[in-house]
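Asker: sharing a model that was predicted from the sequence below.
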Amino acid sequence: MCLKKNCVRNFFKGMFLVLLGVISFSLLLPPTQASAADKNYKITILGGSAGGVWSVITEGVAESIRRGIPDAQLTTEPGKDGPNQVMVSKNEVQFAITYDATNYAAVNAMNPYKKSLPNLRTAAVLNPTGAFQFIIDEKTGITSFGDIAKKKYPLRLSANRKGTLMHLSGETVLEAYGITVDKLNSWKGKVYYIPSKQAVSLWDAGQLDAAQEVAQFPMSRYLEHGQKHQLRMLSVDKEKLAVLGKKLGMSPITIPAKTYSWQKEDCVTLNTKLMLLTSADQSDKMVYDVVKAIYQGLDYLHKVHANLRELTPQIMANDVMVKLHPGAAKFYKEIGVIK
């Protein structure tokens, strides 16, 4: 039977040997295994409505992160541009798919936000093209936004869901021509707040004349729709582009003629980008690792969806309305796509 002092000494000696063994073993592990515990992140990414394009893109981005950070616990959930920004700002989720223009509105307390969400940060651009597209039936005889006001046309319009960038950008453009919802109603027109899939069905039923979208072009839905209806896309007058761009956080873009089979002329309009959004409160290391995983998974992402086919590191990092998260900026500087 050992003395109390010897027992204590032997205990600490044994613990030291165990600790030394653990450290020695960890030094023999490959770097990816040795640092696994440091990358056991819990990440949630909000996307769009279930079954929509954003949900496909969100799952693709999530899978690229899983491949690059195998130890991350990663989930995806349906979401909506607008509320997505609020949940990211509150740190209820780590990332969300959003539009750059909506992020700009959130940071600057613009419609639909009552107050600023200053902690929003950009992680990556996912698609540089999200063009405002106002598509109208040729049977209306309308060839410009000015025509609608001049003729007081009883337009039956799908404005998309309330609070979305589709709704807000369309409302802002129409107001620039003196067209409001109240005026459309007084002209016996009607505004429907429904997503594009329902809008197309309503149009086919003879109850709709026009729809507004913000999306990459061409949209397959309206390629198909143009086989059943004679369609036209309205341009924004060039002298209105700068003011509208400032109001919406969007920039000018031209949709070339024949982008859609029914499109006879170039369409001058406004553009935003599809983003992966995070908050300044998320750790630099986690955001760095996530952006790096997406970068390493670009070949995979190019095959996920047409909207990701042209994604490059330069596109991921540049020309954003809301500043980059420090962790993202650090990675982009390391690979030389920003200074």
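Answerer: Structure's in. What do you need? Being a predicted model, the structure only gives us computed values, none of them experimental.
Asker: I'd like to know which elements the helix or strand that Gly146 is a member of is packed against.
Answerer: Assigned by DSSP states H and E, Gly146 falls within helix 145-151. Using 3 or more CB pairs under 8 Å, 6 or more residues apart in numbering; DSSP states H and E as the contact criterion, the elements in contact with helix 145-151 are helix 165-176. The C-beta positions use only the backbone N, C-alpha and C, and glycine is treated the same way.
Asker: what's the first helix or strand after the helix it packs on?
Answerer: In N-to-C order, the element after helix 165-176 by DSSP H and E is helix 181-186.
Asker: quick one: contacts of that next one?
Answerer: Ala149, Lys152, Pro154, Leu155, Leu157, Glu171, Lys190, Val191 (CB atoms under 8 Å, 6 or more residues apart in numbering).
Asker: for that helix, C-alpha coordinates in CSV please.
Answerer: Coordinates of each C-alpha in helix 181-186 appear next as CSV, following Å, rounded to 0.1, in the frame of the first residue of the first chain:
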residue,chain,number,x,y,z
VAL,A,181,-51.4,50.6,-57.8
ASP,A,182,-54.2,53.0,-57.0
LYS,A,183,-54.0,54.4,-60.5
LEU,A,184,-54.0,51.0,-62.1
ASN,A,185,-57.1,50.1,-60.0
SER,A,186,-58.8,53.4,-61.1
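Asker: can you tell me the average pLDDT over it?
Answerer: The average pLDDT for helix 181-186 rounds to 97.
Asker: quick one: it to chain centroid distance?
Answerer: 31 Å (CA atoms, centre = their mean, to the nearest Å).
Asker: helix or strand right after it?
Answerer: Assigned by DSSP H and E, the successor of helix 181-186 is strand 190-192.
Asker: hang on, the earlier thing: which one of the contacts of helix 181-186 is nearest to Thr58?
Answerer: Glu171 (26.6 Å; CB to CB).
Asker: partners of Val125 in the sheet?
Answerer: Met275 (DSSP bridges).
Asker: tally of neighbours for it?
Answerer: By the criterion of other CB atoms under 10 Å, Val125 has 20 neighbours.
Asker: how about it, what does it touch?
Answerer: Asp100, Lys273, Leu274, Met275, Leu276, Leu311, Ile315, Met316, Ala317, Asn318, Asp319, Val320.
Asker: sorry, back to before: which one of the contacts of helix 181-186 is nearest Gly206?
Answerer: Looking across those and measuring by CB to CB, the closest to Gly206 is Lys190, at 13.1 Å.
Asker: what about Asn111, how many residues nearby?
Answerer: Neighbour tally, Asn111, other CB under 10 Å: 12.
Asker: can I see the domain layout of this structure?
Answerer: Listed by automatic domain parsing, the domain ranges of the chain are 41-128+274-334, 130-272.
Asker: return the most buried member of those.
Answerer: domain 41-128+274-334 (a mean of 19; mean count of other CB atoms under 10 Å).
Asker: so what would you say the end-to-end distance of that domain is?
Answerer: 22 Å (CA to CA, to the nearest Å).
Asker: any idea of the mean pLDDT for it?
Answerer: 96.
Asker: please state the offset of it from the chain centre?
Answerer: That offset, for domain 41-128+274-334, works out to 7 Å (CA atoms, centre = their mean).
Asker: chain neighbours aside, what residue packs nearest to the most centrally placed residue in the chain?
Answerer: Central residue of the chain (CA atoms, centre = their mean): Thr98, 2.8 Å from the mean position. Closest residue in space to Thr98, ignoring its immediate chain neighbours: Leu277 at 4.5 Å, by CB to CB, 6 or more residues apart in numbering.
Asker: for that neighbour, helix, strand, or coil?
Answerer: strand (DSSP: H, G, I helix; E, B strand; the rest coil).
Asker: in the stretch 51-200 of the chain, which spans are helices?
Answerer: Counting by DSSP state H, counting those that start in this stretch, the stretch 51-200 of the chain has helices at residues 53-68, 83-89, 100-107, 145-151, 165-176, 181-186, 196-204.
Asker: and the fourth one, average pLDDT?
Answerer: What it means is helix 145-151. Averaging pLDDT along helix 145-151 yields 97.
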